[in-house]
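Enquirer: need a structure here:
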Amino acid sequence: MQEKTCVMPSANLTNLPEARLRSVSPETLASAAKRLLSFYPNCQPHDPREFLAGIVKIFRDYSVEAVFAIVDPASGLPSKSKFLSEAEVIEFLRDYDAPAKRAAARAAQEAAQLAERCEREEELEHRPGKTFERCMEELKAAGLLGGKPVKPKRFAPGTVIDYRDFHSATTAHGKPFGPFEAGRETKYKG
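Expert: Predicted coordinates:
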């Protein structure tokens, strides 16, 4: 019998957006928000400091790549939207990070499923009950398996079997068969 080993995947947490944002300083996020605001010269919020603080707070929830992508003038939010609002920023960042978050969720689900499968295989390997292979080996060792298979006998046509004596009749004569099975000698007289 061959030895089975269960290999667990190593979770690479540095690729997750949450892990990458912890290393980004608030100053970097604030400079990215100021740069984004600089692409909208007509944007005059009532309180510019609060508006920038809100944008920085939004940036904290997304990956560094998404933050740098949104401030890119060629492919970021300035190239797609004429007006700047928190809703536009959130929508852009959510769309940008969606594939990475789905991939991270898939990877976490796969890791959980592999861990569960490894636990289950470990339980099956070391369970107190017998496996099918062990049972077959014991039956062969006892002489109950092996040799020629026993061919069941057929009932003679017209034999009436009482249900109370069915076990002894099937032991002596074999499995009964119906009118549509192959080998029936008489026609059905139902």
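
Enquirer: which residue, other than its chain neighbours, is closest to residue 76?
Expert: residue 70 (4.8 Å; C-beta to C-beta, 6 or more residues apart in numbering). For glycine as for every other residue, the C-beta is placed from the backbone atoms N, C-alpha and C.

Enquirer: can you give me every residue that contacts that neighbour?
Expert: Applying C-beta atoms under 8 Å, 6 or more residues apart in numbering to residue 70 gives the contacts 32, 36, 76, 77, 89, 92, 93, 96.

Enquirer: who wins for most neighbours among those?
Expert: Neighbour counts for the contacts of residue 70 (other C-beta atoms under 10 Å) peak at residue 36, which has 23 neighbours.

Enquirer: find the nearest non-adjacent residue to that residue, please.
Expert: Sequence neighbours aside, residue 71 is the residue nearest to residue 36 in space, at 4.8 Å (criterion: C-beta to C-beta, 6+ apart).

Enquirer: residues contacting the one you found?
Expert: Residue 71 is in contact with 32, 35, 36, 39, 77, 78, counting by C-beta under 8 Å, 6+ apart.

Enquirer: so can I have JSON lines of the residues you listed showing distance to residue 63, pLDDT and secondary structure?
Expert: Listed next are these as JSON lines, based on distance: C-beta to C-beta, whole Å; pLDDT from 0 to 100; DSSP: H, G, I helix; E, B strand; the rest coil:
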{"residue": "32", "distance to residue 63": "12", "pLDDT": "90", "secondary structure": "helix"}
{"residue": "35", "distance to residue 63": "17", "pLDDT": "89", "secondary structure": "helix"}
{"residue": "36", "distance to residue 63": "16", "pLDDT": "89", "secondary structure": "helix"}
{"residue": "39", "distance to residue 63": "20", "pLDDT": "85", "secondary structure": "coil"}
{"residue": "77", "distance to residue 63": "15", "pLDDT": "89", "secondary structure": "helix"}
{"residue": "78", "distance to residue 63": "19", "pLDDT": "88", "secondary structure": "helix"}
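
Enquirer: following the chain past the host helix or strand of residue 31, name the next helix or strand.
Expert: Taking DSSP states H and E as the criterion, residue 31 maps to helix 26-38. Later in the chain than helix 26-38, the nearest helix or strand by DSSP H and E is helix 48-59.

Enquirer: next, the angle from that next one to helix 26-38.
Expert: 110 degrees (axes from the mean of the first three to the mean of the last three C-alpha atoms, to 10 degrees).
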